[in-house]
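# Sequence and predicted structure, then a few things I'm wondering about:
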Amino acid sequence: MSLLHACTRRTSDPESLPSLPKTRRRPTAVAASFGPFIFLCWIWTFLIYVWNTLVEVILSVSTTIYLKDTKILNMGKEGIECRPRRIVHRTLCLDDIIPIKNTIGCTINDVLVGATSAALSRYLSRKYGGLLPKHLLIRTALIVNIRRISGINDLAYMMKEGSEAKWGNQFGYFLLRLPVIKCEDPLDYVRNAAANTEKKKKSWAAILNYKSLLLISKCLGIKVAAVLFNSITSNLTLSFSNIIGPIEEVSFCGSPLIYIAPSVSGHHEPLTMQVQSYLNKIKVVVQVDEQAIPDPHRFLDDITYSLQIMKAAAASAT
């Protein structure tokens, strides 16, 4: 996606690269404010990161060996990665998501993860006649970009020797549980997602997952790394990624882009979601194994409906 964005130009200015929305950065303490209290805060933060990372490592190892999601969507079946997939997409308005984000005090990604959790709850509840099975374990591999540089770089700079814009995919992942339950307050889905992702962010799990697979592939070969990675994804229900796109209209080789809808293939999860922002819109791309989800358009309807009732709940809460 970085390469694709680097090949586009603003429609209004064909010589200029597109720009991305500003991302919120965590405040950092300056050296002038260093003192005993700040030192204790650093120690406490370090311990939190160590503990959360340890928990994530245990979860990843357990998932690789034996911990499997509830096979409610025909997940983990032999040859699922080779079966045909159906790709559907839906355009959402960013203005419908921002009020929910501001009410909860979270990120847009948290809202989308919460809406996915609510949509799954609604979809499975309808599938089982309004009665959700208890103690469901539904998890997603939440993909995280771990590149050190952000923004859109010129292709010439990316190809320049010594450039910090390294080639190849550089992403890690978190294992995030999605509660499939009925909530009286629809905003509880977002609150739960925000609380869980905040714990994941306060760890080095994403970087560790990426580095460990990279080390295994170099030492033991790419086939061993692929087997280990597949043993994790085959025990999960879905994967989820959110990519930030240009905030103005762009063109590719002189042709204006109406929307951007990325997807992937060859994976074991029966449900994959890619979310791509572009202009003031968000494109939700769902790829499904039709033996698991035979009506993906209905699932997209559930996502849209979940966001609508969340927006109404956010409006009544303010």
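Good, I have the coordinates. Residues are numbered from 1 along each chain as shown.
# which sections of this protein are below the confidence cut-off?
For the chain, applying pLDDT under 70 flags the ranges 23-34, 73-79, 148-151, 153-166.
# quick one, longest helix in it?
Criterion DSSP state H: the longest helix present in the chain is helix 36-65.
# Counting by contacts, list what it packs against.
strand 171-177, helix 187-201, helix 205-220, helix 222-233 (3 or more Cβ pairs under 8 Å, 6 or more residues apart in numbering; DSSP states H and E). (C-beta placed from N, C-alpha, C; glycine too.)
# tell me which residues in stretch 131-142 are buried?
Along stretch 131-142, these residues count as buried under the neighbour rule (16 or more other Cβ atoms under 10 Å): Leu132, Leu136, Leu137, Ile138, Arg139, Thr140, Ala141, Leu142.
# what about the nearest residue to Leu178 once chain neighbours are set aside, which helix or strand?
Setting aside the residues directly before and after it, Leu178 is nearest to Ser117 in space (Cβ to Cβ, 6 or more residues apart in numbering), at 4.3 Å. Using DSSP states H and E, Ser117 sits within helix 108-127.
# how big is the angle separating that helix from helix 187-201?
With axes from the mean of the first three to the mean of the last three Cα atoms, to 10 degrees applied, the angle from helix 108-127 to helix 187-201 works out at 130 degrees.
# got the angle for the helix or strand following helix 108-127 vs helix 205-220?
Downstream of helix 108-127, the first helix or strand assigned by DSSP H and E is strand 139-145. Taking the same axes, to 10 degrees, one finds strand 139-145 and helix 205-220 inclined to each other by 80 degrees.
# Then Val288 would be within a helix, right?
No: judged by DSSP: H, G, I helix; E, B strand; the rest coil, Val288 forms no part of a helix; its state is strand.
# So what sits opposite it in the bridge?
Arg86, Leu271 (DSSP bridges).
# neighbours of it, just the number please.
Val288: 22 surrounding residues under other Cβ atoms under 10 Å.
# now do Ile181
15.
# Please name the nearest non-neighbouring residue to it.
Ser121 (6.1 Å).
# Surely the one you found is in contact with Asn192?
No: counting by Cβ atoms under 8 Å, Ser121 does not reach Asn192; the two are 11.2 Å apart.
# Now the common contact residues for the two.
Jointly contacting Ser121 and Asn192 under the rule Cβ atoms under 8 Å, 6 or more residues apart in numbering are Pro179.
# Would you mark the buried spots in the longest helix of the chain?
Buried residues in helix 36-65, counted by 16+ other Cβ under 10 Å: Asn52, Thr53, Glu56, Val57, Leu59, Ser60, Thr63, Thr64.
# mind listing what the spatially closest residue to Arg122 that is not a sequence neighbour touches?
Excluding the flanking residues, the one nearest Arg122 by Cβ to Cβ, 6+ apart is Asp302, at 4.6 Å. Residues counted as contacts of Asp302 (Cβ under 8 Å, 6+ apart) are Ala118, Ala119, Leu120, Arg122, Tyr123.
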